Structure formats: structure tokens, C-alpha cells
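Engineer: I would like to see how this sequence folds:
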Amino acid sequence: MASIKDLKSGDRFGRLTAIRYVEHRKHQCYWEFECDCGIRKTMPATKVIAGTTKSCGCFRKEFRAVDISGQVFGKLTALELVEGCTWLFKCGCGTTKKIKKQSVVSGRTVSCGCHKNAVLARQGGHNKTHGMSGTKEHKAWKGMKDRCNPRLQRNDSHLYSARGIKVCSGWHNSFECFFKSMGSCPASSLSIDRIDNSKNYSCGNCPECIENGWDLNCRWANDIQQANNKRNNRLLSFNGQTLSVAQWAKVTNINQGTILSRLKIGWSVEKTLTEPIHFRG
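Structural biologist: Here you go, the predicted structure:
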């Protein structure tokens with residue numbers, strides 16, 4: 001996947017072609033793009049590169065205009081447009097219900113609700129619940145699944161679903177399974193983190209994990225641990241230790257910027273981490 005620093009005029013993303021850099025505003029890099037329909041528009045380059053924005057807006061208008069009357073999606077048959085993007089659908093159980101078109105066409109909604117109720121009933125109870133909705137652990141579980149859902153258009157999709165990062169079936173299908181593996185979050189300052197940033201959110205125990213040889217790959221981590229676990233971290237090895245630049249900065253009491261500057265001008269790792277800082281006076 002392209003990055004902003006590699007973006008150049010002529011690059012295409014969906015219906016959009018990059019024309020020129022415009023400005024940096026509110027921590028966003030704005031480019032001018034030309035849509036296949038002929039309209040030129042300035043928009044955040046990150047959203048275009050990530051696939052969140054695919055056109056000048058004409059695609060959404062066209063999607064709204066498509067007549068789906070009579071088409072079948074799961075148990076739902078489209079009857080008529082009600083207003084905006086809301087359609088009236090008839091479910092296989094006989095119930096009619098107003099539902100957003102995008103939700104049905106994308107596959108997120110496959111029935112009036114009877115399908116979900118039937119699944120819950122087979123699992124041992126229609127209204128069975130874990131009683132932890134709204135807790136830190138449940139929010140972490142829901143956020144984990146949302147980040148890896150390719151159907152959701154998120155600003156961070158390029159870091160998760162676009163890279164093929166997924167949630168194992170054991171955790172995806174059951175909060176109880178997730179909570180059993182991870183337990184209660186021991187502190188409010190911690191959040192869920194993948195131990196190996198290149199691998200999935202996995203419990204190590206469900207049939208999918210066992211079949212693919214996936215181990216438990218998550219922990220409750222603080223901000224520093226998460227920052228040190230980013231893909232773009234630079235690791236340095238010295239005296240038998242391999243740490244990130246941020247970690248070496250704490251160990252040596254040398255500013256991160258100084259360490260990176262020394263490496264950039266060709267200093268060895270040893271000299272970079274051991275040479276005292278000389279102040280001009």
C-alpha cells in the first residue's frame with residue numbers, strides 16, 4: 001500500500017487520480033484529486049490512500065440511485081425505496097422492516113433479526129448475556145473486531161484489515177472466550193496490544209488457532225509498550241540487548257532525536273549510545 005511520502009501525481013485510487021499537493025492543515029496532508037467523472041476536489045490524502053474515500057462523492061450518489069427492487073440479500077427481499085438510503089425489505093419469516101440499503105447490500109444485515117435470534121436460541125438462551133457491555137474489556141473486544149473488519153471504512157484500516165490482520169474465530173464469535181483468555185484489564189491506563197505486530201489477534205485455543213498454529217498473541221499493555229511495538233520502530237542491538245530507540249533513550253538518558261541524528265550521520269551503534277552529550281558553554 002502506498003504512503004503519503006510516496007504519493008505522486010498520476011497515482012490512482014479507486015476513481016481518483018492524484019493531481020498535486022495542496023497544503024498541510026490540521027495535521028492532515030491535502031492533495032487535489034480528479035475523479036473519473038471529471039470533478040476535481042481537494043481532500044485528505046490519507047483517506048484516499050486507505051480507501052476510505054474512493055470518489056468525489058459520485059459513487060455514493062450512483063449507489064443510492066441503483067434500483068434494487070426485487071433483489072434478494074440473505075433472507076431479505078427489497079420491496080421499495082422509503083427515503084434517502086432506507087428501503088423496505090420483506091424477510092423470509094414474513095416480517096417487513098425498514099433498513100439502510102448499504103447495511104443489507106454489504107451483508108451486515110441478512111434478516112429482520114430472526115436469524116440472530118435463532119442462533120442465540122441454539123446457543124442456549126434467547127436473552128443470554130455476559131453482563132459486561134460497556135466495560136473496558138468489552139470495549140477492547142469490540143474495538144479489536146471493528147479495526148479488523150474490512151467492511152468498515154476507518155482511518156486506520158490500512159494498519160489492520162488492509163494488511164490482512166484478523167481476529168481468530170474463537171474471539172470474534174465470543175466475548176466470553178476473549179475474556180477467559182485475557183482476563184480483567186489490570187489498570188485503566190492499559191489497552192489491548194498484539195505481542196507480534198505482524199500477526200493476528202489470536203487466543204491460541206480455538207479450532208482456527210490450533211489448525212493454523214497460532215499462539216496467544218495479545219496482552220494488556222501501556223502506551224510505552226505499544227509505542228515500542230510499532231512496525232516502523234528502529235531496533236538497535238548493543239551489549240547483548242536489542243531495544244527500540246525509545247527504550248535506548250530511557251536507558252542511556254540520551255534524547256531520541258540525538259540518537260537518530262547520530263545514526264544518520266554514520267555513527268556506529270556503540271558510539272551513538274555511549275558518547276556523552278557535549279554542551280556548548
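
Engineer: Using the record's assignment, carve the chain into domains.
Structural biologist: Using automatic domain parsing, the domains assigned to the chain come out as 4-62, 67-122, 136-228, 235-274.

Engineer: could these be laid out in JSON lines, adding mean neighbour count and mean pLDDT?
Structural biologist: To be clear about C-beta, it is placed using only N, CA and C from the backbone, and glycine gets the same treatment. Output for those, formatted as JSON lines (neighbours: other C-beta atoms under 10 Å; pLDDT from 0 to 100):
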{"stretch": "domain 4-62", "mean neighbour count": "15", "mean pLDDT": "88"}
{"stretch": "domain 67-122", "mean neighbour count": "15", "mean pLDDT": "86"}
{"stretch": "domain 136-228", "mean neighbour count": "16", "mean pLDDT": "87"}
{"stretch": "domain 235-274", "mean neighbour count": "14", "mean pLDDT": "87"}
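
Engineer: Phi first, then psi, for residue 97.
Structural biologist: phi -150, psi 140 (degrees, to the nearest 10).

Engineer: Distance of it relative to residue 79?
Structural biologist: To residue 79, residue 97 is 10 Å away according to C-beta to C-beta, to the nearest Å.

Engineer: Common neighbours of these two, please.
Structural biologist: Shared contacts of residue 97 and residue 79 (C-beta atoms under 8 Å, 6 or more residues apart in numbering): 88-89.

Engineer: Show me what the longest strand that the chain contains is packed against.
Structural biologist: Secondary structure assigned by DSSP state E gives strand 16-25 as the longest strand of the chain. Judged by 3 or more C-beta pairs under 8 Å, 6 or more residues apart in numbering; DSSP states H and E, the packing partners of strand 16-25 are strand 28-35, helix 45-50.

Engineer: Could I get the full set of helices for the stretch 1-150 of the chain?
Structural biologist: Per DSSP state H, counting those that start in this stretch, the stretch 1-150 of the chain carries helices over the ranges 45-50, 58-65, 101-105, 114-122, 136-147.

Engineer: I meant to write the stretch 151-281 of the chain there.
Structural biologist: Assigned by DSSP H, counting those that start in this stretch, the helices in the stretch 151-281 of the chain fall at 169-173, 175-182, 207-212, 223-228, 245-252, 256-264, 269-274.

Engineer: In JSON lines, list those along with distance to residue 67.
Structural biologist: Formatted as JSON lines, the helices of the stretch 151-281 of the chain follow (distance: least, C-beta to C-beta, whole Å):
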{"stretch": "helix 169-173", "distance to residue 67": "34"}
{"stretch": "helix 175-182", "distance to residue 67": "39"}
{"stretch": "helix 207-212", "distance to residue 67": "39"}
{"stretch": "helix 223-228", "distance to residue 67": "47"}
{"stretch": "helix 245-252", "distance to residue 67": "55"}
{"stretch": "helix 256-264", "distance to residue 67": "57"}
{"stretch": "helix 269-274", "distance to residue 67": "64"}
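
Engineer: And for residue 234, nearest residue in space, chain neighbours not counted?
Structural biologist: In this structure, residue 234 finds its nearest non-sequential neighbour in residue 245, 5.2 Å apart by C-beta to C-beta, 6 or more residues apart in numbering.

Engineer: For the one you found, which residues are in contact?
Structural biologist: So residue 245 contacts 233-234, 236, 256, 259-260 (C-beta under 8 Å, 6+ apart).

Engineer: likewise residue 235?
Structural biologist: Applying C-beta under 8 Å, 6+ apart to residue 235 gives the contacts 242-244.

Engineer: Kindly report the same for residue 140.
Structural biologist: The contact partners of residue 140, taken as C-beta under 8 Å, 6+ apart, are 182, 185, 191-192.
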